[in-house]
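Novice: give me coordinates for this.
(2 chains)
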Protein chains: 2
Amino acid sequence: MANCDKELLRQVRVLKPKLEHWEVAPEQQVAFAADSTAWQGYAAIGVGPVAGVLNRPFAAGERFLLDFGEHSVGRLKLAMRTTGKPADAPVRLKLLFAELPQEIAEADRPFTGYLCRSWIQEETVTIDEIPATVVLPRRYAMRYLLLEVVGTPDRLVFDDIRFIAQSAVGRRLPPPPPGVPERLARLDAIALRTLRDCMQELFEDGPKRDRRLWLGDLYLQAKVDRVSFRRFDLVERSIALLAAFTSEQGQVVSSVYEKPVPAPGNWLADYPLLFPALIREHTQAAGGAEFAARYYDTALRQLEPMRQSWGDTPCPHSEHWAFIDWSEKLDKTTALAGVYLFGLRNAAALAELLGRESDRAALLAEAEKRSLRLRRELRDPRTGLFVSGPDRQLSYASQIWMILGGAVPPEDAGTLLRKLASAPEAIRPVTPFLHHFLLEAWAVAGEFEQLFRHLQEYWGKMADCGADTFQEVFDPDNPYRTPYGDVRLNSACHAWSCAPAYFIRRYRDRIPG
Amino acid sequence: MANCDKELLRQVRVLKPKLEHWEVAPEQQVAFAADSTAWQGYAAIGVGPVAGVLNRPFAAGERFLLDFGEHSVGRLKLAMRTTGKPADAPVRLKLLFAELPQEIAEADRPFTGYLCRSWIQEETVTIDEIPATVVLPRRYAMRYLLLEVVGTPDRLVFDDIRFIAQSAVGRRLPPPPPGVPERLARLDAIALRTLRDCMQELFEDGPKRDRRLWLGDLYLQAKVDRVSFRRFDLVERSIALLAAFTSEQGQVVSSVYEKPVPAPGNWLADYPLLFPALIREHTQAAGGAEFAARYYDTALRQLEPMRQSWGDTPCPHSEHWAFIDWSEKLDKTTALAGVYLFGLRNAAALAELLGRESDRAALLAEAEKRSLRLRRELRDPRTGLFVSGPDRQLSYASQIWMILGGAVPPEDAGTLLRKLASAPEAIRPVTPFLHHFLLEAWAVAGEFEQLFRHLQEYWGKMADCGADTFQEVFDPDNPYRTPYGDVRLNSACHAWSCAPAYFIRRYRDRIPG
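Specialist: Below is the predicted model of the structure:
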């Protein structure tokens, strides 16, 4: 059973943000045309102005499809009346909200997902009193809306259709730093829209599906927030909610629910190891000594279960599953060892900030000792690349985390990463989460041309595919890739994908000219 | 355009009742078995206790069917949780509420109705936060509930399922007068449950479909209320809302909406002619002189448009459609003349109550004069029965309204009605509305054995068919009879069907022993 820290839950209540709201009007009527060159095979084609939908009578069975021009999160507002005499019956509407055209174009395909189908944003609503201006009670993440009139007395007229968008930070995205090339400025805006739409009362991972606060995602979100919206209160609220729940061994929970009541979600092996870095980075940017002192013990405790279970093997064990990346064939042991080293070194840096010299020394000594052994036992003597598991598997994940964990000196990092490029058997990153850490690894190597090239290749391709926000899963070679059995469950706006804004802003002086 | 009396609308606001609420627990799980001996071909068969549904885990795709044991009107309350860890996805439920088994058993039949299909009480709801106790926002009229779990994380458990019933008068039905035979006592209870469930913030015609206040229905509802619940405030509120809207000729509107804003609905030829009787009867029972004085002019004005347009023909004309009964082949002109006479005589009686002697005399004189001419021109000299229209059509409707309008002396009434029995070509009543007035005609004739025989035959048959409340349309020879193109639109609880309670209570001393 998890421990629950009531004082931290009190802070969660105190720090509850007031959301900003704004109205988004639809931009145009669209149709989704089958188009093999478009992302997931469907292109949104303008078929008429919104004026063609407003103020015109609809009969039961009629439908229309609107593009609101921008991804946003919130509620739908409809102003409706019927023609002629007072409405003598309820009005029933069927709605399907979508982030991507495919979710609507393939709405009738049988559901094959492993997750709950209620994530699909379909709704049937009945409005008893007409005329009415109603705001539907549930929240959606959407850019497109398919609306069908199921039943109406006489004809139904929409006088207004609006989306009441919401986020903790309002609509406006911070402008890119001066001098950023246009293409990168575009990626920056998409990244910040992604983060904005995930910044609700907590940092959500995806506002369409899951909607939860995850420790790993928060670590990346806080990084991007620090160089853009700077809503440190929301970061601290999110940290408090996660840290409120710890395992018997003191591990912070990896995902958490706020509603209906705060409750722990998943326990992972790797996410808690990012906690020291999250605390260290927030302390330096905003939190100060008081914040650091509050979480110092917790940060150090994240290392203990793995330290104790590690024993005399080259790699750590964990009773929990390590995420690392969505890849079934990936052997994660070497990467997990790297995440542990990353935790150790960040804990040492946090100890230094608080003047805890002996802690710092012990943590660094452990990091050096383990790094030495990892280099000795897991590095292929022929290639110099790290391998993982009994089959000595080669992967980006292993190199990335050996680099970020400091198992190799920074000057070796570039060599490792470049060698991967000529190892086609090396398992590549799948999620933007691991792609983010690949950029971090290039930053450690000081190879910013590589960093921005990869950023432009991966996130740039998402943008070229029409992304309005960055997706949870993006595999340019397989647009239907999904870890959930049905691509409609994928989130098209997912916080762990907002890396571009961080790298563009943090390293704007290193952007190749 | 209608005139609107602001002072009457103010009274409508002042008289708004506070509804009573009570909880109805489901009685058992049922299945609807095809059974040619059951009403509409489906029998509800108990298949297990409610305990078999509560506290057991349901997977997506599972469904159950509950019988709440009694028709009621209100909202559904569900207490839900998921098994195991906190719910990581919304729960989606599909619900179908039904008054009669057929509505659920034939739910998948294509809709063929002329009215709006949104009257069908189907709902898909998504609950984002689980565990939760939710009360669904819309109101239903139901006895049966089909619930399907569309989507749930883990398994879904219902800890409680209740229906929060509501009416202006609470759950309890006034007990029948002492000594009423058991079979009539049963009809009395069904009638009063029907009325109870129609007594909401106004006297509704049917709480499932239409849900409107109609002048003709109110006339009957007020009669039954007077001998049972005695909620005279609700009668006066309903009268005020109807009388607030009048045509340029001063006709009271025949149906009216209260929400979203008070607005006139339908304008009929016959319903306004019942207004003088409604005012006269309520004055005598409860309203007193002040009430009578408020509506006296309006009551008399209901006769004027027809008086002026009548001219030198035996029967009246009206620019509006006369309801009389749901029967396409019925010629309504003679019946309408009878309703007019009924209005005249009730207006005269109202004048008498207020000491308006000259009005009384003039109204009665007109009634006598017109009665004479109707007898002379519309009575078949061979049979003595009244005919209607150019084809001299024979119908119950014509005889009933000639009797109730006093076109023949009461001592002739029984003869007319009995002669109909041996005239198979005579068009019979269809709706309980006209069946009610048939009972009234037997009462005028003083033939109470006939009255109670017909009551037991017609309403008793509804009860034998399993009725919990009396239906809008009941044709024992055609259970699928509907005026709306789809029998699922029929209302199984309809106020104009609550006659039994009136006759049993008003004439309890005349019930044959």
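Novice: going by C-alpha atoms from here, please, whenever you check contacts or count neighbours.
Specialist: Will do.
Novice: tell me the contacts of the closest residue to chain B within the stretch 401-513 of chain A?
Specialist: Closest residue of the stretch 401-513 of chain A to chain B, C-alpha to the nearest C-alpha: residue A:489 (11.4 Å). For residue A:489, the contact set (C-alpha atoms under 8 Å, 6 or more residues apart in numbering or on different chains) comprises A:113, A:115, A:117, A:119, A:120, A:209, A:482.
Novice: near chain B, which of these show up?
Specialist: A:115, A:117, A:119, A:209 (C-alpha under 8 Å from any C-alpha of the partner chain).
Novice: excluding sequence neighbours, find me the nearest residue to the second one.
Specialist: Distances taken as C-alpha to C-alpha, 6 or more residues apart in numbering or on different chains place residue B:151 nearest to residue A:117, at 5.4 Å, with adjacent residues excluded.
Novice: my guess is the one you found contacts residue B:91. True?
Specialist: Yes - the pair residue B:151 and residue B:91 passes the contact test of C-alpha atoms under 8 Å, sitting 5.5 Å apart.
Novice: list residues touching both of those two?
Specialist: With C-alpha under 8 Å, 6+ apart, residue B:151 and residue B:91 have common neighbours residue A:118.
Novice: okay, the ones next to chain B among the contacts of residue A:489 in a markdown table with pLDDT next?
Specialist: Below are the ones next to chain B among the contacts of residue A:489 laid out as a markdown table (pLDDT from 0 to 100):
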| residue | pLDDT |
| --- | --- |
| A:115 | 94 |
| A:117 | 94 |
| A:119 | 97 |
| A:209 | 97 |
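Novice: most neighbours of all those residues, which one?
Specialist: Most neighbours among the ones next to chain B among the contacts of residue A:489, by other C-alpha atoms under 10 Å in any protein chain shown: residue A:209, with 26 neighbours.
Novice: now the helix or strand containing residue A:375: how far from the chain's centre is it?
Specialist: Per DSSP states H and E, residue A:375 falls inside helix A:357-378. For helix A:357-378, the separation from the chain centroid amounts to 31 Å (computed by C-alpha atoms, centre = their mean, to the nearest Å).
Novice: tell me which helix or strand of chain A sits lowest on mean pLDDT?
Specialist: Least confident helix or strand of chain A, by mean pLDDT, DSSP states H and E, is helix A:304-310 with a mean of 91.
Novice: what pLDDT, on average, does the helix or strand just after it get?
Specialist: Downstream of helix A:304-310, the next assigned helix or strand under DSSP H and E is helix A:333-353. Mean per-residue pLDDT for helix A:333-353: 98.
Novice: now do helix A:333-353 and helix A:357-378, the angle between them.
Specialist: Going by axes from the mean of the first three to the mean of the last three C-alpha atoms, to 10 degrees, helix A:333-353 is angled at 160 degrees with respect to helix A:357-378.
Novice: name the helices or strands packed onto helix A:333-353?
Specialist: Counting contacts by 3 or more C-alpha pairs under 8 Å, 6 or more residues apart in numbering or on different chains; DSSP states H and E, helix A:333-353 packs against helix A:275-282, helix A:288-301, helix A:357-378, strand A:387-388, helix A:396-404.
Novice: please repeat the previous calculation with a cut-off of 10 Å.
Specialist: helix A:275-282, helix A:288-301, helix A:304-310, helix A:357-378, strand A:387-388, helix A:396-404 (3 or more C-alpha pairs under 10 Å, 6 or more residues apart in numbering or on different chains; DSSP states H and E).
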